[in-house]
Each structure stands twice: as C-alpha cells, then as structure tokens.
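> Task: produce atomic coordinates for the following.
(chains A and B)
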Number of protein chains: 2
Amino acid sequence: MTEKPLILVTNDDGINAPGIRTLISVMKTLGDVVVVAPDSPQSGMGHAITLDSTLYAERVDFGDDTIKEYSCSGTPADCVKLAIRELLPKKPDLCVSGINHGSNSSINVIYSGTMSAALEAGIEGIPAIGFSLLNYKWQANFEACKSFVKNISENVLKHGLPNGIVLNVNIPDIIESEIKGIKVCRQARANWVEEFDKRVNPQGKEYYWLSGKFVNLDEGDDTDEWALENNYVSLVPIQFDLTAHRLINDLKNWNLK
Amino acid sequence: MTEKPLILVTNDDGINAPGIRTLISVMKTLGDVVVVAPDSPQSGMGHAITLDSTLYAERVDFGDDTIKEYSCSGTPADCVKLAIRELLPKKPDLCVSGINHGSNSSINVIYSGTMSAALEAGIEGIPAIGFSLLNYKWQANFEACKSFVKNISENVLKHGLPNGIVLNVNIPDIIESEIKGIKVCRQARANWVEEFDKRVNPQGKEYYWLSGKFVNLDEGDDTDEWALENNYVSLVPIQFDLTAHRLINDLKNWNLK
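Next comes the predicted model:
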C-alpha cells in the first residue's frame, strides 16, 4: 500500500476563515493534512517575512483529530517556512494556500499573501498551488470551488510541477453548473488605479484611506481576467525568477560603466 | 531650456536611513527630487499594502529647501501609490528606491520592500530602479555607490524602460576602485535555508526566531550572485508578469476538467 501524500495547507485570511476550512475538507480526501496558518487575517501582506520579532505556533483543535493544525503569529510566508523546518515530520508532497476570500488574478498576485505562501513553498521545491474565490466576503459560498480544487490538486500530485513554478488558480463566484471548466492562461496586464480618500482626524491631522478601482486594459482572450469574466476557472503558472531575459541583451548596449 | 526631470525617491529602511540620504544626494544632481518614504524601517515587508488602516504623510525638513520630503506611515508600496496619486505635482520621470542596507540579489527580490516600491512605480508606468548595497549595517559606507547610481539613473532617464520592466541593482560592499563595473545579469537560482531558534518565554510558552543561511546552487557566470562575488555591480531587469509562458502548453495536456 502506498503512503498517502503529505499536504501542507495555509492561507492569508487566518486559520478560522471559511475558505481554508473548505480547502482542508477537500485535501482530507487526497492525503494526510497538516495546517499551519496565520492566527489573524494577513491580506495584502505580499511576501512579508518576520525578521525583527518572535513567532509563535500553537496547536489548535477544530474537532478533527486526523488533522494537525497550528495557529501561527507570523505572515503566510513565515507559516510555510516554520512548517517545513519545524512542524512537519517530512517535506510535504503538496502545499495549497487559500481558498482566498477575493481575487488574486492578474497584478493582484504580487500583493497577495495567499500567493506568497505558495511561492515560498515553491522556492523550497514543493509543488504548490494558491486558490482564490472572486468574493471578498467572509461568508462567501465556497461550494463550487471544491471539485476544481480537487481536480487541480490531483493533477499536481500526479504530474508534479517543474522547479521554479507554482500555480495561481482563481475561481469565479458563480454556481458550479455555470462554470465552464478550467482554462490555462497568462497573467493579464491589468492594474489598480488607486484613489485616496483624504480625511481629517479629530486632532486636526490629515490622513488617507487607500481605495481604488481595477482596470483591465488587456484585450487578449488568453488571460486570467478574460477566463474569469467568461465563467472559467483561471489557472496561471507563475515563476519566481523575475528576470526579464529578453531585455538582457538590449541593456548591454547601454552606456553602462 | 528643457525642464529638469521629476524624480521620486523612496526606500524601505525609513526616511532617516543613510542609504536614502545618499540616494537623494545623487538624484539632486539629475533632477527635481521629491521624497516619500516610510517613517520607520519596513525591511522584509515584501509587496505589502495598507488596506485596513489609515495612512499619514507628513512634510519633514532635512535642511534642504530645494527638496520636498514626506514621511509616510505606510509600506514602501503605499508610499509610491500615495506619492503618485496625492503628493506629486505630475507623474515622475523616474522612481528610485533605496539605497537598501543589505542585498536584494537573487531570491531576495521577492521579500524586498525596496524592490516592491520600484515594482509599484513600474506598474504605474514609471521607469524605476531599486538600489541595494551588500551591507546590512546602518552605518554602512555608501560612497562607492554614488557613481554607479548616477550612471544607471542617467541611462534610464535617457533610454527609458520598456513597459513592465524595472531594474534591480546590487552593489558590492568594497571600495570604488575595486569595483570592476556594471554587469547586466539574470537572477541567480539561490535561496535561504531557514533555521528557527526555538526558545521558551518567561511564561513558559515556546516561540521562534527566524534565521538562516543563504545558499547559492547556481553555477552560472551570468547571474547576479556571480557578478557580486566577482566585484561587479549587478543589474537585473525584472518583470511583474509572473507568467511562466513556457509552461502554458504543457499544462494544457493535463487532465483538467
């Protein structure tokens, strides 16, 4: 009998979030699950790591004694580092992060705590996937995610992933029967146009709230934004070698000393 | 007479750091300078943004009335967003971030607040460069950086940068006469092998300190790590389209639903 795969589950919305609870329920059907997730929401943390402060990791119990769960005081990237070096019995076969409450498509990937956890696992040579649902609400309905999460995870367990690659999966917020399937795509060239709401505090000092609207100027039909708008699950393979290789030769023509 | 370029200067070590003071002194020779930088050190913040909290930006005075400086309560990425939308009179011609106290070569780029500020400017279509010196100390000597910072910035002001590209520049911590020049390179495949120092607090609770050692397994002589070890300034063009384009076709052969 072959051993069941060891699966590390994490997220950035915190260990209590409905999204990670759904992810855990699916992963239980695929292998042995260990959860190491932040004790509080960490959205928008990007790839932050805790350098100047202590980290705590406490065993917590959600009523299922087949699963070990740790609530960690750090960021998503911290959780993965701590899991791999200290908390897991061996290197996991898969790391899944999410299911995020809200989109991590297109440029959102670089602000994303969910994806930073997946990237961190990828850096460690562990096949990794970040999952996100396009609904920011705590009480979002994750039912439709389950079969896609399971299908993609099974594929990664079967095929593995090349070194340096992790998967960024986004799921539209519609009922399962309306989802047309999974589409492999590229990251759209889209971004946020920020607006700052300037206010004055009771002491007379000015301050700002960050807000903004998302603008997609990429008209390709091979992008994650296109897929999501057309009721597909988007799957983008991403890499943490950020080198723009095609530019290297051009820059050699500059007048650099 | 042509107008002088408008240059936005930021960093992640905080507005008081010697590294940004050096960067400002060089930029003054190239254009009109506005500084918007964090009020406190933000190292290891990755691409964090402030979503759930207020942002402050206060005018501060370092004794040079030709330069406007703002101390901001946010992250490096916040500083750039706030500068562009609220504080600058027009879109800047160049954004420079740093000079970071410590390396942002190879995989460090994805943990780097310095580089996240440069990426944020790049996303906004502003030519941007992150500079780092390979010395973590507050009292590092930035003298040798000056001519290279100036030369690379002049090149970017002259040539611009393609959409979607920013530059990651690292400078070895040696005297200027020993630096052999600037080398355009790729990001090395190197990473941190973390070690956690497990301790017990006075209340009997276990906690961890993150530490680790840097391991470079990439033997190429075209990498940033090679350049730095061989006394060159490394210049890596990086991109925020993380798509691993070469993988897209392979994944289409998976059994995805």
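
> Which of the residues in the lengthiest helix in chain A are classified as buried?
The longest helix of chain A (DSSP state H) is helix A:145-159. For helix A:145-159, burial by neighbour count (16 or more other C-beta atoms under 10 Å in any protein chain shown) applies to A:145-146, A:148-149, A:151-156. (Glycine included, C-beta is placed from N, CA and C.)

> repeat for stretch A:89-98
Judged by neighbour count (16+ other C-beta under 10 Å), stretch A:89-98 contains these buried residues: A:92-98.

> Equivalent analysis for stretch A:213-231, please.
For stretch A:213-231, burial by neighbour count (16+ other C-beta under 10 Å) applies to A:216, A:218, A:223-228.

> Dump the residues you listed to CSV, plus secondary structure, distance to chain B and pLDDT.
Shown next, in CSV, are those (DSSP: H, G, I helix; E, B strand; the rest coil; distance: C-beta to the nearest C-beta, whole Å; pLDDT from 0 to 100):
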residue, secondary structure, distance to chain B, pLDDT
A:216, strand, 13, 91
A:218, coil, 10, 92
A:223, strand, 9, 97
A:224, helix, 9, 97
A:225, helix, 13, 97
A:226, helix, 14, 97
A:227, helix, 12, 97
A:228, helix, 15, 97
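
> Any chance of those residues in JSON lines with distance to residue B:191 as columns?
Listed next are the buried residues of stretch A:213-231 as JSON lines, based on distance: C-beta to C-beta, whole Å:
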{"residue": "A:216", "distance to residue B:191": "33"}
{"residue": "A:218", "distance to residue B:191": "31"}
{"residue": "A:223", "distance to residue B:191": "30"}
{"residue": "A:224", "distance to residue B:191": "27"}
{"residue": "A:225", "distance to residue B:191": "31"}
{"residue": "A:226", "distance to residue B:191": "34"}
{"residue": "A:227", "distance to residue B:191": "31"}
{"residue": "A:228", "distance to residue B:191": "32"}
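
> picking that back up, could you list every helix and strand in contact with the longest helix of chain A?
helix A:18-27, strand A:94-101, strand A:128-133, strand A:165-171, strand A:182-184 (3 or more C-beta pairs under 8 Å, 6 or more residues apart in numbering or on different chains; DSSP states H and E).

> Residue A:156 and residue B:29: what is the separation?
As judged by C-beta to C-beta, to the nearest Å, residue A:156 and residue B:29 stand 52 Å apart.

> what's the answer for residue A:117, then?
Computed with C-beta to C-beta, the distance linking residue A:117 and residue B:29 is 43 Å.

> neighbour count winner among those two?
Higher neighbour count among residue A:117 and residue B:29: residue A:117, with 37 against 11, using other C-beta atoms under 10 Å in any protein chain shown.

> tell me, how many neighbours does residue A:192 end up with?
Per other C-beta under 10 Å, the neighbour tally for residue A:192 reads 19.

> contacting residues around the nearest residue to residue A:30 once chain neighbours are set aside?
Distances taken as C-beta to C-beta, 6 or more residues apart in numbering or on different chains put residue A:153 closest to residue A:30, at 5.9 Å, once the chain neighbours are dropped. Applying C-beta atoms under 8 Å, 6 or more residues apart in numbering or on different chains to residue A:153 gives the contacts A:26-27, A:30, A:94, A:96, A:129.

> Quick one: those residues as JSON lines, columns for distance to residue A:163 too.
Shown next, in JSON lines, are these (distance: C-beta to C-beta, whole Å):
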{"residue": "A:26", "distance to residue A:163": "26"}
{"residue": "A:27", "distance to residue A:163": "23"}
{"residue": "A:30", "distance to residue A:163": "22"}
{"residue": "A:94", "distance to residue A:163": "15"}
{"residue": "A:96", "distance to residue A:163": "18"}
{"residue": "A:129", "distance to residue A:163": "15"}
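
> Stretch A:203-210 close to chain B?
Yes: contact of stretch A:203-210 with chain B (C-beta under 8 Å from any C-beta of the partner chain) involves A:205-210.

> re earlier: need the CA coordinates for the longest helix of chain A. CSV is fine.
The C-alpha trace of helix A:145-159 is given here as CSV (Å, rounded to 0.1, in the frame of the first residue of the first chain):
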residue,chain,number,x,y,z
CYS,A,145,-14.7,25.6,-5.6
LYS,A,146,-14.5,22.1,-4.3
SER,A,147,-14.4,20.0,-7.5
PHE,A,148,-12.0,22.3,-9.2
VAL,A,149,-9.7,22.4,-6.2
LYS,A,150,-9.7,18.7,-6.1
ASN,A,151,-9.1,18.2,-9.8
ILE,A,152,-6.2,20.6,-10.0
SER,A,153,-4.6,19.2,-6.8
GLU,A,154,-4.9,15.7,-8.1
ASN,A,155,-3.2,16.7,-11.3
VAL,A,156,-0.3,18.4,-9.4
LEU,A,157,0.1,15.3,-7.2
LYS,A,158,0.2,13.1,-10.3
HIS,A,159,2.4,15.3,-12.6
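
> just the angle between that helix and strand A:165-171, please?
Angle of helix A:145-159 versus strand A:165-171, following axes from the mean of the first three to the mean of the last three C-alpha atoms, to 10 degrees, is 160 degrees.

> Would you agree residue A:170 is in contact with residue A:103?
Yes: Residue A:170 is within contact range of residue A:103, at 5.8 Å (criterion: C-beta atoms under 8 Å).

> Between these two, which has more neighbouring residues?
residue A:170 (28 against 23).

> number of nearby residues for residue A:21?
So residue A:21, with other C-beta under 10 Å, has 16 neighbours.

> and what of residue A:168?
29.

> Would you enumerate the residues in contact with it?
Here residue A:168 is in contact with A:104-105, A:109, A:115, A:118, A:129-130, A:132, A:187, A:224, A:234-238, B:242 (criterion: C-beta under 8 Å, 6+ apart).

> mind running it again at 7 Å?
Residue A:168 makes contacts with A:104, A:109, A:115, A:130, A:236, A:238, as judged by C-beta atoms under 7 Å, 6 or more residues apart in numbering or on different chains.

> Kindly spell out which helices and strands sit in contact with the stretch of helix or strand residue A:77 belongs to.
Element membership of residue A:77, judged by DSSP states H and E, is helix A:76-82. Here helix A:76-82 touches strand A:6-10, strand A:32-38, strand A:68-72, helix A:113-123, strand B:206-216, going by 3 or more C-beta pairs under 7 Å, 6 or more residues apart in numbering or on different chains; DSSP states H and E.

> tell me the most buried of those?
Using mean count of other C-beta atoms under 10 Å in any protein chain shown, the stretch among the helices and strands packed on helix A:76-82 with the largest mean neighbour count is helix A:113-123, at a mean of 30.

> same for that one, what does it pack against?
helix A:76-82, strand A:94-101, strand A:128-133, strand A:165-171.

> what's the least confident stretch among these?
Mean pLDDT across those is lowest at helix A:76-82; the value there is a mean of 92.

> Quick one: distance of it to the chain centre.
Helix A:76-82 has its C-alpha centroid displaced from the chain centroid by 13 Å (C-alpha atoms, centre = their mean, to the nearest Å).

> One more: stretch A:125-138?
Taking mean C-alpha positions (C-alpha atoms, centre = their mean), stretch A:125-138 and its chain are 4 Å apart.
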